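Enquirer: My questions are about this predicted structure, shown below with the sequence.
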Amino acid sequence: MALLYLLLTLALVQDPLAEGQRAFQAGDLAAAEAAFRKHLAAHPNSAEALSNLAAVHARRQQYPEAVHLYRNALKADPSLTPVHFNLAVSLIQLREYAPAAAHLRTFLKGFPKEARARQLLGLCLVETGDLRPALDELEAAYAANPRDASIVFSLAYAHARAGNELRSLHFVGLSGRQPGLAALVEGLIDYRRGRFAEARAHFERAIQADPNSAPALAALGRLHLLENDDPPAIEYLEKAMRLNPQDAESIYQLGVLYDRAGHAAKGRDYLRRALTLRAAYADPHYQLGRIAFRENRYHEALNELEQAAKILPDQEAIRLLLGRTYQALGRAADAKREFAEVRRLKQQVVERDRLRLDSDALMRAEREAPGAQ
């Protein structure tokens, strides 16, 4: 028995993988790295050693190296679901939010109750501008951990972007009225109300509080875009993109701006990049279709516009340009169908406006009636 115990002890000591794990737990990263590399020299496709070595690099904040090793670990053994979470964390450090979100979704399929992963997924989706699913994830994370300041901030910002003013202000109140956050959210609310001068002042205050506030810089860029003041719009959006290279909306708007400034090739590059960052994003498809139509590349325009129409079937501008593209290609029946759909959508808007006016008139009459309180 003593001999068996001795042999087992010697085997553990001589196992570089176990040795590396013990060194990592003890905080001796140099010894851990040496042990993991020794194991990999004998077993180059060891997913466990690759992921452990990646963790060493992540602990040292060497995130590009960590990402490379985590990806190799998943290639060696795709069943290692927890590696998706660790890979996502390193990608977030590199501000690669879209691929991080994809890995977090994979992780959550195996571990659906992991609140931290759901929170990180929500934060990634906020950064890429995919607000509806971001809010779902963040609200779930907030319910599990209502004291986490990063969740509170993200919920305030995401609700403001999504137009839910009351919910946004609720989370601003919970945040302790941080000056930068409050100014950013108030600016977004004023922007949605069409009070652009007030919104600009709020965003400028947000930047004074935090010069690297990518959302505030992007918002100022969008204000200048709205005013057709393109040079400062490009400047602000480029700054925002450098701070957050995964912001699909800012990248899309830069594509529109560069095309409008006569740099169509650069505009197309930005629009295509936006499509890699957000799924089901109709606007870049529409703009790419518009550019292709303008340049008489009708088959290319058709491909982009049909994809946009699948995503937003009730968007009048998309259906109108799609009809004109069918017309240019000689597909008269398809063009006729699209133009009929445009007329239906226009009539729908007219009817909705009429009903709203009738409702407003009825309410006003009730308020003005004798005896009304």
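Expert: The structure has been received and is ready for your questions. Numbers count the residues shown, from 1 in each chain.

Enquirer: show me what contacts the spatially most central residue of the chain?
Expert: For the chain, the residue nearest the mean C-alpha position is residue 128 (1.6 Å; CA atoms, centre = their mean). Contact analysis of residue 128 by CB atoms under 8 Å, 6 or more residues apart in numbering lists 97, 98, 101, 246, 247, 248, 277, 278. In this view, the C-beta of every residue, glycine as well, is placed from N, C-alpha and C.

Enquirer: got the buried residues for the helix or strand containing residue 187?
Expert: Per DSSP states H and E, residue 187 falls inside helix 179-192. Under the neighbour-count criterion of 16 or more other CB atoms under 10 Å, helix 179-192 has 180, 181, 182, 183, 184, 185, 186, 187, 188, 189, 190, 191 buried.

Enquirer: Check the offset of it from the chain's centre.
Expert: A distance of 20 Å separates the centroid of the chain from that of helix 179-192, by CA atoms, centre = their mean, to the nearest Å.

Enquirer: Same check on stretch 321-331?
Expert: Offset of stretch 321-331 from its chain centre (CA atoms, centre = their mean): 33 Å.

Enquirer: Likewise for stretch 161-181?
Expert: 19 Å.

Enquirer: Could you list the alpha-carbon positions for that stretch in PDB?
Expert: What follows is stretch 161-181, C-alpha atoms only, in PDB (Å, rounded to 0.1, in the frame of the first residue of the first chain):
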ATOM      1  CA  ARG A 161     -31.700  54.700 -26.400                       C
ATOM      2  CA  ALA A 162     -34.900  52.600 -26.700                       C
ATOM      3  CA  GLY A 163     -37.100  55.500 -25.800                       C
ATOM      4  CA  ASN A 164     -38.400  54.300 -22.400                       C
ATOM      5  CA  GLU A 165     -37.800  57.600 -20.600                       C
ATOM      6  CA  LEU A 166     -39.400  56.700 -17.200                       C
ATOM      7  CA  ARG A 167     -37.600  53.400 -17.000                       C
ATOM      8  CA  SER A 168     -34.300  55.100 -17.900                       C
ATOM      9  CA  LEU A 169     -34.700  57.800 -15.300                       C
ATOM     10  CA  HIS A 170     -35.600  55.200 -12.700                       C
ATOM     11  CA  PHE A 171     -32.100  53.600 -13.200                       C
ATOM     12  CA  VAL A 172     -30.400  57.000 -13.300                       C
ATOM     13  CA  GLY A 173     -31.900  57.500  -9.800                       C
ATOM     14  CA  LEU A 174     -30.600  54.200  -8.700                       C
ATOM     15  CA  SER A 175     -27.100  55.000 -10.000                       C
ATOM     16  CA  GLY A 176     -26.600  57.800  -7.400                       C
ATOM     17  CA  ARG A 177     -26.900  60.500  -9.900                       C
ATOM     18  CA  GLN A 178     -23.500  60.100 -11.400                       C
ATOM     19  CA  PRO A 179     -23.000  63.400 -13.400                       C
ATOM     20  CA  GLY A 180     -21.800  61.800 -16.600                       C
ATOM     21  CA  LEU A 181     -24.600  59.100 -16.700                       C
END
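
Enquirer: before we move on, the earlier item: right, and the helix or strand after the helix holding residue 187?
Expert: Following helix 179-192 in sequence, per DSSP H and E, is helix 196-209.

Enquirer: list the buried ones in that next one?
Expert: For helix 196-209, the neighbour count (16+ other CB under 10 Å) marks 199, 200, 202, 203, 205, 206, 207, 209 as buried.
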